[in-house]
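**Student:** Sharing a model that was predicted from the sequence below.
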Amino acid sequence: MLSMKNISKVFKTDLVETHALRDFNLEVNEGEFVAVTGPSGSGKTTFLNIAGLLEGFTHGDYFLDGVNISNLSDNKSAVIRNEKIGFIFQGFNLISDLNLAENVEVPLRYRGFSAKERKVRVERALEQVGLAARMKHLPTQLSGGQQQRVAIARALAGEPRFLLADEPTGNLDSLMARQVMELLEDINKAGTTIIMVTHDAELARRAQRNIQIVDGQVCDFTMYQSGQTDNKTQSIADAVSVA
Amino acid sequence: MFFYYLDLAWRSIKKTPFLSLLMVLAISIGIGITITTLNVYKMASINPAGERSSQLFAVQLMSQDNNFWETINEQITYQDAYNLSKSKVPVRQAAMFRTGLAVQTEDVNVSPILESVRVTEGDFFALFDVPFAYGGRWDKLVDEEGGYKVVINEELNQEVFGGGDSVGKTLLLNRKPYQVVGVIEKWNPSPKYYDVNNGAFNDSARVYVPFSLAPIEEYESWGNNQSWRHEDIRTYQDRLNSEMHWLQYWVELDTPAKKQEYQQWLAAYVEQQKLIGRFKRADAHGEISDVAQWLNFNNVVPEDNKVLVGLSVLFLVVCLVNMLGLLLAKFLKRAPEVGVRRAIGASRLQIFSQHIVEVGLIGFCGGALGLLWAWAALYFLSSKFELEASLAQLDQSMWVIAPVIAVSAAIIAGIYPAWRICSTNPSVYLKSQ
């Protein structure tokens, strides 16, 4: 479903070149729940931004559903983001002026759904996260966990093929985090592919597959542990385990 | 999506009321000043003759001797008016001038009123499409032989007779009885193109008397009297025989052929006058100008007005530059929200459109407030600086022009801020929110 081959991303200034990703390779299959971990500055967020078509990359190929999405126009990228990808952020990123229903409705507006269709989808998504009764509330009237559930509802309303979650529990206490994680697991069981960046090792373990990003390169621990890895991944994994 | 963007725009305005108010004020002041000057310019530029503009012609004669006046005068002499009236070419024609008479009725209890009066010929009314409420023009015989007939307007009719059909009633002008033959409806062309010498934006006369009575009643001229040479004018007959330019003369030529024929007739008349030694200069000639040309010739819309409109537009530009800065600050502050919208599927074009609609709404509010400023400014100008009432009237077209200019100008000012906000990289803000 998602295939990144030799992706590299270089940030350039007049004086410095920073390699955020280098020869980054990753395959994610449909229905997988992949947890991405790694130290700060390793390139996790850059990977997520590229996967979510929010940023371009310097070299390599990126295939989404078999379509090479390198050099897509802004409009086409926006359409793919809207139709196929759902985002969940650490800071929830709800729009404070809009009530819950209006927040969930935003991606549906850009997709051009009718008012009737939007209403049905918004209600369904909010019911799924258990907040249908509070759809007229403003985000500021909710707890952090509830806000994150609204963000998940917003991501789900468009019925995306996969969800990109950037530390979805990072701002939540452990109870809330567990609830959100359970919700993500349910969503994954329903068939949605999830890629989740997290610092929380316990949460990462609950995913089907763990990958670690170190210095802009990927190290697939699941494959490493099963002995199905190449030399480069192995050397990175060794280095990480030694450290 | 337009209504969605409109809803978002309204929420945004409510969210930052002070900043939004500043922007609305900035554009409204620019629009208010622009609309004020534009309104004065437009009202001064109106061609009140409408469709007949190209059929009505003012007649001028370059009749002065050499070394006097290098331009053609806008009025003609009585001798020329008398001679021109002999032409059979025009469909209608009328000589005219302005005088003043004491108006009263036979009712001794009514005090006399000093009125500005137009002395003219019967064709005047059809020539300028003057509408009658009662009666009509005086007979042609009156134009030839004289007759104490008068046409008044409805307002005066109301004042002196209490309104209604006053045809046949007697009005005393300088204590002489004149029979009312017609009452005209409200008629006040602005500019008063048939006589721009006596206040182009003054009201039309309320009383009209036959030109044929001028030699008999010796009406004084209350208008401009221009002589290019010294003449010893002691009697009214001296004035009539003089080379003084004091009369306006209009003809109606309803086809291009008629116009050409009249120009030939006029050229022949000038040649005849040269032959008898009255017109001495080699370049003596006659000219006819339709209404638009006539207003232009008389500089009814002064160049100053155009300069003022230009300056006010420059002021509007300054207001827009201020607005641009405020918009930039407002929009960039919203970059995190835009980042979210971009992440969940909004294209650059959709973000751009959302912000342009917001700018348009601010412009529309500014335009509406600007109209109020313009109305207040015109009221102030007319009350404090005696701006003519016809110029101080807010033209109906401004109700459309002001919002259109305001919205267009605001959108132009908003293009750069909207482009900046839609070009920001969303990923920068998603993590930092």
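**Tutor:** Yep, that arrived.

**Student:** What parts of chain A come near chain B?
**Tutor:** Within chain A, the residues that sit near chain B (Cβ under 8 Å from any Cβ of the partner chain) are A:45, A:49, A:52, A:54-55, A:74-75, A:78-79, A:81-83, A:86-87, A:89-91, A:93-95, A:97, A:106-107, A:109-111, A:154-155, A:158, A:166. To be clear about C-beta, it is placed using only N, CA and C from the backbone, and glycine gets the same treatment.

**Student:** Report the buried members of the residues you listed.
**Tutor:** Neighbour counting by 16 or more other Cβ atoms under 10 Å in any protein chain shown classes A:45, A:49, A:52, A:54-55, A:78-79, A:81-82, A:86-87, A:89-91, A:93-95, A:106-107, A:109-111, A:154-155, A:158, A:166 among these as buried.

**Student:** Can you tell me which of the residues of chain A next to chain B end up in strands?
**Tutor:** A:G86, A:F87, A:D166 (DSSP state E).

**Student:** want to throw the residues you listed into JSON lines with pLDDT?
**Tutor:** Shown next, in JSON lines, are those (pLDDT from 0 to 100):
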{"residue": "A:G86", "pLDDT": "89"}
{"residue": "A:F87", "pLDDT": "88"}
{"residue": "A:D166", "pLDDT": "88"}
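
**Student:** mind putting these in a markdown table, distance to B:N67 included?
**Tutor:** What follows is these, written out as a markdown table (distance: Cβ to Cβ, whole Å):
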| residue | distance to B:N67 |
| --- | --- |
| A:G86 | 93 |
| A:F87 | 90 |
| A:D166 | 93 |
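
**Student:** Out of these, flag the one nearest to B:S85.
**Tutor:** A:F87 (89.1 Å; Cβ to Cβ).

**Student:** That closest one against A:L156, yeah?
**Tutor:** No: A:F87 is not in contact with A:L156 according to Cβ atoms under 8 Å; the separation is 11.1 Å.

**Student:** who touches whichever residue of the stretch 1-150 of chain B sits closest to chain A in this structure?
**Tutor:** Using Cβ to the nearest Cβ, the single residue of the stretch 1-150 of chain B nearest to chain A is B:R11, 5.2 Å away. By Cβ atoms under 8 Å, 6 or more residues apart in numbering or on different chains, the residues touching B:R11 are A:D97.

**Student:** That one - that's part of a strand, no?
**Tutor:** No: counting by DSSP: H, G, I helix; E, B strand; the rest coil, B:R11 is not found in a strand; it is helix.

**Student:** tell me the centre residue of chain A?
**Tutor:** A:L164 (1.3 Å; Cα atoms, centre = their mean).

**Student:** Name the nearest residue to that residue, ignoring sequence neighbours.
**Tutor:** Excluding the flanking residues, the one nearest A:L164 by Cβ to Cβ, 6 or more residues apart in numbering or on different chains is A:G52, at 4.8 Å.

**Student:** so what's A:K189 scoring on pLDDT?
**Tutor:** Here, the pLDDT recorded for A:K189 equals 90.

**Student:** you'd agree B:A58 is up against B:Y249?
**Tutor:** Yes: at 7.0 Å, B:A58 and B:Y249 qualify as touching, with contact defined as Cβ under 8 Å.

**Student:** A:I50 versus the residue of chain A found nearest chain B, what's the distance?
**Tutor:** Going by Cβ to the nearest Cβ, chain B is nearest to A:N82 of chain A, at 2.6 Å. A:N82 sits 17 Å away from A:I50, taking Cβ to Cβ, to the nearest Å as the criterion.

**Student:** and whatever residue of chain B ends up closest to chain A, what does it touch?
**Tutor:** Chain A sits closest to B:G345 of chain B, with a gap of 2.6 Å, by Cβ to the nearest Cβ. Counting by Cβ under 8 Å, 6+ apart, B:G345 makes contact with A:A78, A:V79, A:R81, A:N82, A:E83, A:P107, A:Y110, A:R111, A:G158.

**Student:** for B:L332, same thing?
**Tutor:** B:L332 touches B:P417, B:R420, B:I421, B:T424, counting by Cβ under 8 Å, 6+ apart.
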